[in-house]
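Participant: Need coordinates for the following:
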Amino acid sequence: VAGAATTQSTLTAGGKLTINAGGAEIGGNLDLSGDLSVGQDATITNDLNVGANLDVSGNAVIDGDLSVAGALQFNTIEVTSTAEFNNGLLVSGGNITAAAGGITVSAGATIGANASVTGNLSVGGNLSLTGQVSGSLSVASNVLAGGLLAGASLQVASGAIVNEISTDTTFASPSNSALPTEFAVQAYVTQAINTAVNAALAAAGKIVGEIFYLDDWVEPSLSFPALRLNDADQIISVANYPLLHPYLYAKPLRYTAGGGSVVDFPVTNYSIASNVLTWTLSNTAAVNALLAALAEDQLVHGSYTNWLTVTNEAVIAGVPADTRAITNINAGARTLSVAYTAANASGAATGDLRFYLHRIAGSSTQARLFQIAGRGLITAGDAAGEWIGGLRRRDRMQGHRHNYRDGDSTRVNSGSGGAEVAGTTGAFNTTLSFGTTNPVSDGVNGTPRTGATTDIRGLGVYAYIWARQFVP
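Facilitator: The predicted structure is shown next:
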């Protein structure tokens with residue numbers, strides 16, 4: 001064809017197709033068993049299948065698939081589907097663009113200018129970028145290559161498999177030296193640092209979740225992977241604390257009075273009213289102690305907002321397993337409530353509840369740490385079961401009475417049981433008016449010290465929880 005060649009449908013040629021000028025526009029498929037040579041542009045609105053060589057002096061646009069068994073040479077090519085080159089790829093001076101189908105090159109590939117690939121770029125040999133790359137060669141997916149030679153700079157997506165990278169311009173000396181990718185270097189250094197730090201920290205003897213104290217204010221860092229608990233309530237993520245978060249997420253509250261360990265607390269009944277689910281728990285020492293301790297901690301917290309959760313790890317009375325925020329506790333009635341959207345219902349229930357101190361409803365990647373500023377430590381597991389590991393209590397004083405003396409003749413005891421009079425001598429009037437005043441010295445132990453709380457002699461410190469690993 002001496003001039004332009006236009007077909008409305010498929011063009012099939014048993015041998016060579018040569019168009020000297022004017023370009024080629026094919027409305028359907030172009031299927032050649034021989035060579036295709038086009039003097040100017042070539043536009044094919046469907047697939048192009050060339051059994052031998054493809055040579056386009058101008059631009060080539062293929063809206064369908066491109067399959068070339070032989071050599072391929074052109075200035076610019078745009079393939080909106082998949083491009084497959086069985087005998088290498090050569091782009092002498094233009095751009096190469098491939099859509100989501102990507103580009104597969106069985107042999108080597110040489111691109112003299114820019115390349116933009118939104119799918120996979122798979123090269124069986126070397127990928128040589130001898131022209132100027134606009135900024136960098138960016139591949140959205142993986143690169144599978146024996147070697148990459150970049151004339152400018154190279155950017156490879158995370159997870160790419162590249163055996164060797166060489167460059168002439170980004171690093172001036174030494175020329176053509178083998179260099180790992182930035183991602184590989186970063187991953188290697190991060191792993192090496194974490195390995196060394198973890199080994200050193202493990203050797204120091206601290207375990208994940210251990211609470212310890214310092215008299216100084218220290219921020220979390222790679223060398224100090226710990227969180228300060230004196231601060232306001234805080235939420236941590238598994239991304240920043242990959243070892244501490246799983247520990248906190250899996251740690252339930254325990255009733256340990258008497259030396260045992262109870263983490264499952266059975267329910268006997270349930271009721272759903274106005275989208276509120278109320279569990280009634282069994283009447284056991286463990287349940288009663290835990291609910292009382294939870295109610296006390298809620299008073300310390302000040303509200304039910306951003307407080308504790310309850311988890312039924314299996315279906316109970318048709319209620320799916322889940323972790324839900326507690327909205328009310330009645331320790332006397334042994335009930336607790338959560339928000340739950342369902343039709344009104346009630347009845348007997350069989351199953352266990354667990355209480356994970358640090359879980360957040362609706363999240364498996366975050367955990368909540370509660371503030372413990374201004375608090376002393378009391379070991380859990382007392383005989384009365386009042387102290388549950390991880391739960392807070394308000395300050396208090398021991399219940400007692402005060403003696404009132406009027407000389408040596410009459411002693412009056414006043415207290416929770418009412419007034420009683422013990423007289424040894426003298427008369428006793430039926431109408432009495434008396435009371436106590438401010439505490440004074442007993443003559444032995446000095447002037448009593450008073451304040452807002454009842455405290456032991458102490459030392460102010462900052463509490464920390466050991467995370468072992470911190471990722472900024």
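
Participant: what residues are up against residue 198?
Facilitator: 468, 469 (CB atoms under 8 Å, 6 or more residues apart in numbering). From N, CA and C alone the C-beta is placed, and that goes for glycine too.

Participant: Recalculate using a threshold of 10 Å.
Facilitator: 225, 243, 468, 469 (CB atoms under 10 Å, 6 or more residues apart in numbering).

Participant: can you check residue 439 too?
Facilitator: 447, 448, 449, 450.

Participant: got the phi/psi numbers for the third one?
Facilitator: What it means is residue 449. The phi/psi pair for residue 449 (degrees, to the nearest 10) reads phi -100, psi 130.

Participant: Distance check, it against residue 327.
Facilitator: 41 Å (CB to CB, to the nearest Å).

Participant: higher neighbour count, the two?
Facilitator: Counted by other CB atoms under 10 Å, residue 449 and residue 327 do not tie: residue 327 has more neighbours, with 16 against 7.

Participant: Pretty sure that one sits against residue 335.
Facilitator: No - using CB atoms under 10 Å, residue 327 and residue 335 do not qualify as a contacting pair, with a distance of 11.4 Å.

Participant: who's in contact with the closest residue in space to residue 261 that isn't next to it in sequence?
Facilitator: Spatially, and ignoring its direct neighbours in sequence, residue 261 is nearest to residue 254 (5.2 Å; CB to CB, 6 or more residues apart in numbering). Taking CB under 10 Å, 6+ apart, we find residue 254 in contact with 260-263, 286, 290, 355, 357, 380-381, 388-390.

Participant: pLDDT value on residue 254, please?
Facilitator: In this model, residue 254 is scored at 96, pLDDT.

Participant: go on, the one 10 residues further on?
Facilitator: According to the prediction, residue 264 has pLDDT 97.

Participant: Correct me if wrong: it contacts residue 316.
Facilitator: No - using CB under 10 Å, residue 264 is not in contact with residue 316; the gap is 11.9 Å.

Participant: intersection of neighbour lists for those two?
Facilitator: Contact criterion CB under 10 Å, 6+ apart; residues shared by residue 264 and residue 316: 351, 352, 353.

Participant: Counting neighbours, what do you get for residue 225?
Facilitator: For residue 225, the count of nearby residues is 23 (other CB under 10 Å).

Participant: Excluding covalently adjacent residues, which one is nearest to it?
Facilitator: Spatial nearest neighbour of residue 225, excluding adjacent residues (CB to CB, 6+ apart): residue 470 at 3.8 Å.

Participant: And for residue 220?
Facilitator: That would be residue 470: by CB to CB, 6+ apart, it lies 4.9 Å from residue 220.

Participant: Just to check, that neighbour is in contact with residue 244?
Facilitator: Yes - with contact defined as CB under 10 Å, residue 470 reaches residue 244; the gap is 8.6 Å.

Participant: list residues touching both of the two?
Facilitator: 225, 226, 227, 236.

Participant: Show me which of those residues has the smallest pLDDT value.
Facilitator: Minimum pLDDT across these is recorded for residue 225, with 91.

Participant: So it sits against residue 241, correct?
Facilitator: Yes - with contact defined as CB under 10 Å, residue 225 and residue 241 form a contacting pair (7.8 Å).

Participant: overlap in contacts of the two?
Facilitator: In contact with both residue 225 and residue 241: 208, 467, 468, 469, 470, 471, using CB under 10 Å, 6+ apart.

Participant: now that we have those residues, which one has the most neighbours?
Facilitator: Counting neighbours by other CB under 10 Å, residue 467 comes out on top of the shared contacts of residue 225 and residue 241 with 26 neighbours.

Participant: For it, which non-adjacent residue is closest in space?
Facilitator: residue 244 (3.8 Å).

Participant: And that neighbour, how far from residue 340?
Facilitator: 30 Å.

Participant: Look at the two and report which has more neighbours.
Facilitator: residue 244 (25 against 16).

Participant: got the CA positions of stretch 328-339 in CSV?
Facilitator: Backbone C-alpha positions of stretch 328-339 (Å, rounded to 0.1, in the frame of the first residue of the first chain) are rendered in CSV as follows:
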residue,chain,number,x,y,z
ASN,A,328,-24.3,0.1,83.4
ILE,A,329,-23.4,-2.2,86.4
ASN,A,330,-25.6,-3.1,89.4
ALA,A,331,-23.4,-5.1,91.7
GLY,A,332,-26.2,-5.8,94.2
ALA,A,333,-28.5,-7.2,91.4
ARG,A,334,-25.5,-8.9,89.7
THR,A,335,-26.4,-7.3,86.4
LEU,A,336,-24.5,-5.4,83.7
SER,A,337,-25.8,-3.8,80.5
VAL,A,338,-24.5,-3.1,77.0
ALA,A,339,-26.0,-1.5,73.9
